[in-house]
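# Let me see the structure of the following:
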Amino acid sequence: MKKATAAQGSTDLPSSRSAKQREPASVEEITERVLGAIWENQLPPGTKLVEEKLAAVFHVSRTKVRLALARLAHDGILTVEPNRGTFVSSPTVEEARQVLATRRLIEPCLLRELSTRLRAEHLESLRRNIALEQQARAKNERRATIRHSGEFHVRIAEMSENAYLTKYMRELCSLTCLVIALYDAPGEPSCPDHEHEAILDALEAGEVDRACAMMVEHLNHVENALRLEMPEEPEVDFAAIFA
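Residues are numbered from 1 along each chain as shown. Below you'll find the model as predicted:
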């Protein structure tokens, strides 16, 4: 995965671009564009990524594509199956719970770290992101809503200026997108409306403990909106099979 940076003026997180690219892409760009397509659920869980086809799209050798996919596989976002190929990961129910549990541990710490260096430009950037999320939600643009929601969380990590935690948050948010794609309950918002704004309001007011508590509750809401039940094992009727 592309190395995380700690710049305050964060560049946009993964987003897909026009396929009409003419110049060969770098390994970093291929990585980011594949990741962006996953964030927007254009590459849903279980999708097979064919090296030859991606090499043709990006006008590069299969070696570059293989390197990009290997980075994402290292982060758990892709899964390599011997003799079958590379697929977009499909987190299990237990893995989904672990992803969200990890986020509940990390994100309050990120808010506390950001509170010690919070500046006006940080607030402006995060409020712009919230506005984009609300616009996408109003237009019922689900893919964009999920992407902007994830960007809010990763930007907080970037602004904390901890490159390692930023990298982990990018991975966790990518996995969360896959979890939502797999387990989202119809009619339930994957990320409740206005909660990002409330968290930011508390942070701006200097109410750090309250902001942290709201972040944990926010992530609880995300998890509770999912259908994270283990499927029941069907009972096999051996008598019917072998009679």
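# partners of Val80 in the sheet?
Beta-bridge pairing for Val80 (DSSP bridges): Thr86.
# Could I get the buried residue list for the top helix by length along the chain?
Using DSSP state H, we find that the single longest helix of the chain is helix 93-115. For helix 93-115, burial by neighbour count (16 or more other C-beta atoms under 10 Å) applies to 93, 96, 99-100, 102-104, 106-108, 110-111, 113-115. C-betas here are computed from N, CA, C, even on glycine.
# Report the mean confidence score over it.
Across helix 93-115, the average pLDDT comes to 96.
# Then stretch 52-64?
93.
# Please apply the same query to stretch 123-133.
96.
# could I get it in CSV with only the CA atoms?
Provided in CSV are the C-alpha atoms of stretch 123-133 (Å, rounded to 0.1, in the frame of the first residue of the first chain):
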residue,chain,number,x,y,z
LEU,A,123,-11.4,22.0,11.0
GLU,A,124,-12.0,23.5,7.6
SER,A,125,-10.8,20.4,5.8
LEU,A,126,-12.9,18.0,7.9
ARG,A,127,-16.0,20.2,7.6
ARG,A,128,-15.5,20.2,3.8
ASN,A,129,-15.4,16.4,3.9
ILE,A,130,-18.5,16.3,6.0
ALA,A,131,-20.3,18.5,3.5
LEU,A,132,-19.4,16.2,0.6
GLU,A,133,-20.6,13.2,2.6
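# Mind pulling the model confidence for Arg147?
With respect to pLDDT, Arg147 has a value of 88.
# other SSEs contacting whichever strand or helix holds it?
In this structure, Arg147 sits in helix 142-159 according to DSSP states H and E. The helices and strands touching helix 142-159, judged by 3 or more C-beta pairs under 8 Å, 6 or more residues apart in numbering; DSSP states H and E, are helix 27-39, helix 93-115, helix 120-138, helix 163-183.
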